[in-house]
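**Q** one predicted model, sequence on top.
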Amino acid sequence: MFANDLNLSEIVEFNEGDINLQGRRLLLHDLQAFSELKKDLLEVLDFEQARKILIQFGYWWGKADAAAMKRVFKWRSIEELLKAGPRMQALAGLAKAVVKHLTVEPFHMELLWHESVEVSEQISSQGAAKDNTCWILCGHASGYASFCLNREIYFIEEQCVSKGDRICLAVGREKRFWGEQINGHLSDFKLKDIRNRVEQLSESLRRKSSQQNDQRKNSVIKNPAPSSVIQPEIRSTSYMRVLHLAERVAPYDSALLITGETGTGKEILARHIHSLSNRRDKTFLPINCGALPESLLESELFGHTAGAFTGANRERAGIFEEAAGGTVFLDEIGDISPALQVKLLRVLQEHEIVRIGENRARPIDVRIMAATNRDLHQMIMEDKFREDLYYRLAVVEIHTPPLRERVEDILPLARHFVKNYANSLKMPQLRLDASCLDYLQEYNWPGNIRELENAIERAALLCTGNVILPENLSLRSNYLKYNIPSSDEKSVLSLEQLVSRHIDSVLKLTQGNQRKACEILGISPTTLWRKLKELKR
Ligand SMILES: [Zn+2]
């Protein structure tokens, strides 16, 4: 056998799911994926360590190729066996490898690599390099020759296109003939250093994460209420945009309107903005304008004098005064009456209030945030909401997207709630079953984050053995995305169409054999014949 007679289609068997080189399993992979892997290695480790790993990878690969070549073929000479190494590099797509020089005793081999895959990866992903980059190739050549001769042979790349040379040239010699020059390279072939490095890294990671845990614990004690749902890793760009906007507007005292469907976390966002503002050490007072009758809401907001109305026994300050220096959050602002809208407008314009039953105005110092799930523009057109009040409130308007538009956040939020309930219900092992993951993402979440939190709480109470299953979540099936919507009747097949398609598929399966098809369908040949006739076939 001559090295040049090696032919890919003869030595490699391409079966689906099993590519095979004379009994050795091979794997096709993608250059882009390799490129990403290399980038990750360079990032996680350092340049030296990443290079070592790839040289080692090539070394094992070369050794395995040599073992196969030695076992499978009868070689004309040891030279031909050695030349089969670079031939395999070419067949594997690593480079067009050419043997420039070869003597076996003492071993000396020079290889030229044209169009090295490692050069093209380097140039396309990062541009020219300062160093050689044909690491896998060097490893492969070294592993291959070492196995063939059963001696320690090392290839060093002396020129490389990546660093501006005209061609990639590697020289291989036995260790004892390399002399001093090899010492710097030897460690590239030894993995011990990498293990040390990985141990160092994981130690420092452990230290870092325990520090972070301590910091987190401290910050929770100092600042108990806000941002419980802002905490988990937000992945969706739509909510990242909301958070960026929130950060930008937090330091200013301007009024703020948060819009969005019920349950999208408007109050939590308001608390978050408050916690980032200069008022963070003062109170955040929320009030639900939709939950109180008008007269009660008015006295809650503005306060009253003693005897101002029946039941007002004592003088009382409203929340605009109570929140002095802090933030007032007016939830469901779309629900307030026209009379209160006028009074609120005055608060926003003059920064003062008048208690019920009093004549004098009192200055106030609060930031006002409001929220609504209603369409205020529509209400303005219908004369149900004052346009001037809207513009005073919506100096900055932030829209919180519904959960179904931020699918990437569903699982992190679900896991966050699972963790919370694991703590509060004292079920440390509580977790989601894998079958929940798709299920949660397929759901439309009409009630948004609040519905998700409720579903997890309910599931935590209902599940057995600390594992939450889809049925424990009790989601409403008509909001599952993969259900056929009842309005879309055209896409549902008629019984006749269904029968016709089924017969087709069975006939396809039996390759047109009607007798076999009858057996599978459980009908007589006459019935099949009649059906086909009915279906005009
Ligand atoms: Zn090179």
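**A** Structure received.
**Q** who's in contact with residue 322?
**A** Contact analysis of residue 322 by CB atoms under 8 Å, 6 or more residues apart in numbering lists 283, 285. Every C-beta, even on glycine, is put in place using the N, C-alpha and C of the backbone.
**Q** cool, and the one 5 residues further on?
**A** Residue 327 makes contact with 270, 274, 277, 279, 282, 283, 284, 285, 366, 367, 368, 369 under the criterion CB under 8 Å, 6+ apart.
**Q** ok, so of these, who is nearest the ion?
**A** Proximity of those to the ion (CB to the ion) peaks at residue 277, which lies at 56.7 Å.
**Q** would you confirm that that closest one contacts residue 250?
**A** Yes: using CB atoms under 8 Å as the test, residue 277 is close enough to residue 250 to be in contact (4.7 Å).
**Q** ok, the contacts of residue 327 vs residue 414, which is closest?
**A** residue 270 (23.1 Å; CB to CB).
**Q** these two touch, right, that closest one and residue 369?
**A** Yes: counting by CB under 8 Å, residue 369 is a contact partner of residue 270 at 4.7 Å.
**Q** which of the two has more neighbours?
**A** Taking other CB atoms under 10 Å, residue 270 and residue 369 do not tie; residue 369 has more neighbours (29 against 25).
**Q** in contact with that one, which residues?
**A** 255, 256, 257, 258, 270, 273, 274, 327, 328, 329, 330.
**Q** nearest to the ion among the residues you listed?
**A** residue 273 (54.6 Å).
**Q** surely that closest one touches residue 249?
**A** Yes: between residue 273 and residue 249 there is a contact under CB under 8 Å: 6.9 Å.
**Q** picking that back up, shared neighbours, residue 270 and residue 369?
**A** In contact with both residue 270 and residue 369: 256, 258, 327, 329, using CB under 8 Å, 6+ apart.
**Q** quick revisit: can you list residues touching both of residue 273 and residue 249?
**A** In contact with both residue 273 and residue 249: residue 256, using CB under 8 Å, 6+ apart.
**Q** between these two, point out the one with more neighbours.
**A** Neighbour count, other CB under 10 Å: between residue 273 and residue 249, residue 273 has more, with 29 against 16.
**Q** I'd like to know how far that one sits from residue 348.
**A** In this view, residue 273 and residue 348 are 17 Å apart by CB to CB, to the nearest Å.
**Q** residue 472 too?
**A** 47 Å.
**Q** between those two, which is the more surrounded one?
**A** Taking other CB under 10 Å, residue 472 and residue 348 do not tie; residue 472 has more neighbours (20 against 16).
**Q** nearest residue to that one other than its sequence neighbours?
**A** residue 459 (3.8 Å; CB to CB, 6 or more residues apart in numbering).
**Q** so which bits of this structure are right by the ion?
**A** 116, 134, 160, 168 (CB under 5 Å from the ion).
**Q** give me the domain ranges for this structure.
**A** 3-190, 237-401, 404-479, 493-534 (automatic domain parsing).
**Q** flag the shaky bits of the protein, pLDDT-wise.
**A** 190-233, 481-493, 536-537 (pLDDT under 70).
**Q** repeat that with 80
**A** 1, 9, 22-23, 179-234, 310-312, 477-498, 501, 509, 534-537 (pLDDT under 80).
**Q** just say helix, strand or coil for the residue lying farthest from the centre of it.
**A** Most distant residue from the mean C-alpha position of the chain: residue 307, 60.0 Å away (CA atoms, centre = their mean). Put simply, residue 307 is coil when judged by DSSP: H, G, I helix; E, B strand; the rest coil.
**Q** neighbouring contacts of stretch 401-415?
**A** 229, 232-236, 238-239, 242, 260-261, 263-264, 432, 436-437, 440-441, 444-445, 448-449, 451-452, 456.
**Q** just the buried ones from those residues, in ChimeraX syntax?
**A** In ChimeraX syntax, the buried subset of the contacts of stretch 401-415 is picked out as below (16 or more other CB atoms under 10 Å):
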select :229,232,234,236,239,242,260,261,263,264,432,436,440,444,445,448,449,451,452,456
